[in-house]
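Student: Need a 3D model of the sequence below.
(one chain, ligands or ions: 1)
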Amino acid sequence: MDEPEHATDFQLHLGDCIEGMRKLGADSVDLVVTSPPYNLGIGYESYEDKLSSEDYLAWSREWVSEVKRVLKPDGSLFLNVGASPKNPWMPHELALSIRDILVLQNTIHWIKSITVDGPDGDPHSVGHFKPINSKRFINDCHEFVFHFTKTGNIPVDRLGVGVPYADKSNIKRWGHTGGRDKRCRGNNWYIPYETISSRNKDRPHPATFPTELASRCIALHGGPPDKLTMMDPFLGIGHAGVAAGREKVSTFIGFEIDELYLSEAKSRLLEEPG
Ligand SMILES: C[S@@+](CC[C@H](N)C(=O)[O-])C[C@H]1O[C@@H](n2cnc3c(N)ncnc32)[C@H](O)[C@@H]1O
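Tutor: Residues are numbered from 1 along each chain as shown. Next up, the predicted model:
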């Protein structure tokens, strides 16, 4: 059966991303949206998620250096990483370990679940999380998305992910709105996991991010999508690629070391209608 036509040119590679990125030209990628292994002992198909902390950070510096080389001067790395209750420093250690390579420009909190007390005083809960049974830890309902750039001074399209004003009188009152009913969303992004009926069938991977997370990163980076080259060096089953296709990004480059995950990503990206 012929594959459907896509607006996006998908370049999907099986293998180690550091070796793969070395074959790409310098200054050739606009944005990287990725979630590397977190070194928390996750049960991936083939990758062993259990390096010593020193080795993990040294390896992280290696792949981030390669990302820096391929990123354009105004490029963005959106680095999604979470912690575990027993390893709460990991995201911070990772971010700190690469601070001489790239500049931390924004920190976004990906909120998976939240409870907000309404005006009536009643708590309203949304989203899902995997509950832990513990006397000392509260449930972890968020992960980080660190936005790194080469200079820390790269314009982003805040209103590309903006939200309408709750109080419409602000539109006229504040000159900076330019009459638009859009304000900056801020850095707390509530994005629940898509509901699935069968993990093996619908999401056969232990550590994914939702497509919407990557879509928002594309919008925040800004620029016409059909002029963008996007990359995910740790493709997993391809959610960054699904976002690239959905947003009609021109070129998407993905690397995945595991054959099974790559073939799942390929079937999602190449066999779905464009
Ligand atoms: C956190 S998961 C990414 C999941 C992805 N964001 C998704 O939504 O499907 C990290 C992935 O990196 C892959 N991986 C580990 N080491 C790699 C390497 N050196 N090069 C490429 N992929 C690698 C693992 O097999 C795993 O699928």
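
Student: Run through who's touching stretch 10-29.
Tutor: By C-beta atoms under 8 Å, 6 or more residues apart in numbering, the residues outside stretch 10-29 that reach it are 62-63, 66-67, 69-73, 75, 229-231, 233-235, 238, 241, 244-245, 251-257, 259, 262, 265-266, 269-270. (C-beta placed from N, C-alpha, C; glycine too.)

Student: for it, which positions count as buried?
Tutor: Using 16 or more other C-beta atoms under 10 Å as the test for burial, stretch 10-29 gives 10, 12-14, 17, 20-21, 24, 29.

Student: That one near the ligand at all?
Tutor: Yes: contact of stretch 10-29 with the ligand (C-beta under 6 Å from any ligand atom) involves 16-17.

Student: Tell me the span between the first and last residue of that stretch.
Tutor: Taking C-alpha to C-alpha, to the nearest Å, stretch 10-29 runs 14 Å from one end to the other.

Student: Make 25 the starting number, not 1.
Tutor: With 25 as the first residue, the last one maps to stretch 34-53.

Student: I'd like to know the average pLDDT value across it.
Tutor: Here stretch 34-53 scores 98 as its mean pLDDT.

Student: Spell out which residues of this protein are next to the ligand.
Tutor: Contacts of the chain with the ligand, taken as C-beta under 6 Å from any ligand atom, map to 40-41, 59-61, 68, 71, 229, 231-233, 257-258, 260-263, 279-282, 285.

Student: who touches whichever residue of the stretch 175-298 of the chain sits closest to the ligand in this structure?
Tutor: At 2.4 Å from the ligand, G260 is the closest residue in the stretch 175-298 of the chain, using C-beta to the nearest ligand atom. Shown in contact with G260 (C-beta under 8 Å, 6+ apart): 59, 229, 231-232, 280, 285, 289.

Student: Which of these has the largest number of neighbours?
Tutor: When neighbours are taken as other C-beta atoms under 10 Å, the top entry among the contacts of G260 is E280 (27 neighbours).

Student: Tell me which two of the buried residues of stretch 34-53 sit farthest apart.
Tutor: L38 and V53 (19.2 Å; C-beta to C-beta).
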